[in-house]
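Chemist: fold the following and give me the result.
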Amino acid sequence: MPLVSIRLPEEVEAQLAREAARTQRPKSEIARDAIIDYLERIRRERFLGEIARAAGERGHAEALAAAEEALLTDNEALALGEDATVHEPKTPSYRVQSRKKKPRR
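Modeler: Just a heads-up that it's a prediction; the model follows:
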């Protein structure tokens with residue numbers, strides 16, 4: 001994985017350090033996730049812009065409204081499907097032990 005070095009304002013670095021300590025995650029992991037989220041948001045905004053331009057050129061206000069509504073729902077589904085950091089919690093396995101009945105007296 002390539003290494004990228006960035007300069008942060010002191011307050012931003014302090015906030016990052018506090019969040020890393022609070023979540024017990026490396027600062028680099030938090031920064032990486034933030035960059036990925038930003039790039040994904042920009043990609044989706046550009047996609048919406050392309051839909052808006054295409055609908056505007058054709059004069060289809062209804063198509064634009066429908067596309068905006070569908071994109072919001074689609075973005076939520078994509079985020080859930082594409083996010084590799086989301087993991088289902090492991091459920092503990094429980095064993096049912098049968099108890100031998102004591103004979104009645």
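Chemist: and Ala31, how far from Ile51?
Modeler: According to C-beta to C-beta, to the nearest Å, Ala31 and Ile51 sit 31 Å apart. Quick note: C-beta positions are derived from backbone N, CA and C, even for glycine.
Chemist: tell me which stretches of this protein form helices.
Modeler: 10-23, 27-58, 61-82 (DSSP state H).
Chemist: export those helices as TSV, with columns for mean pLDDT.
Modeler: Below are the helices of the chain laid out as TSV (pLDDT from 0 to 100):
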stretch	mean pLDDT
helix 10-23	96
helix 27-58	87
helix 61-82	65
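Chemist: and of those, who's closest to Val4?
Modeler: Among the helices of the chain, helix 27-58 comes nearest to Val4, with 8.7 Å by C-beta to C-beta.
Chemist: ok so, going back, so can I have CSV of the helices of the chain showing mean neighbour count?
Modeler: Formatted as CSV, those follow (neighbours: other C-beta atoms under 10 Å):
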stretch, mean neighbour count
helix 10-23, 11
helix 27-58, 13
helix 61-82, 12
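Chemist: mind checking which of those is nearest Leu3?
Modeler: Closest approach to Leu3 among the helices of the chain is made by helix 27-58 (9.5 Å; C-beta to C-beta).
Chemist: rewinding a little: as TSV, the helices of the chain with distance to Pro2 would be great.
Modeler: As requested, these are exported to TSV (distance: least, C-beta to C-beta, whole Å):
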stretch	distance to Pro2
helix 10-23	20
helix 27-58	11
helix 61-82	21
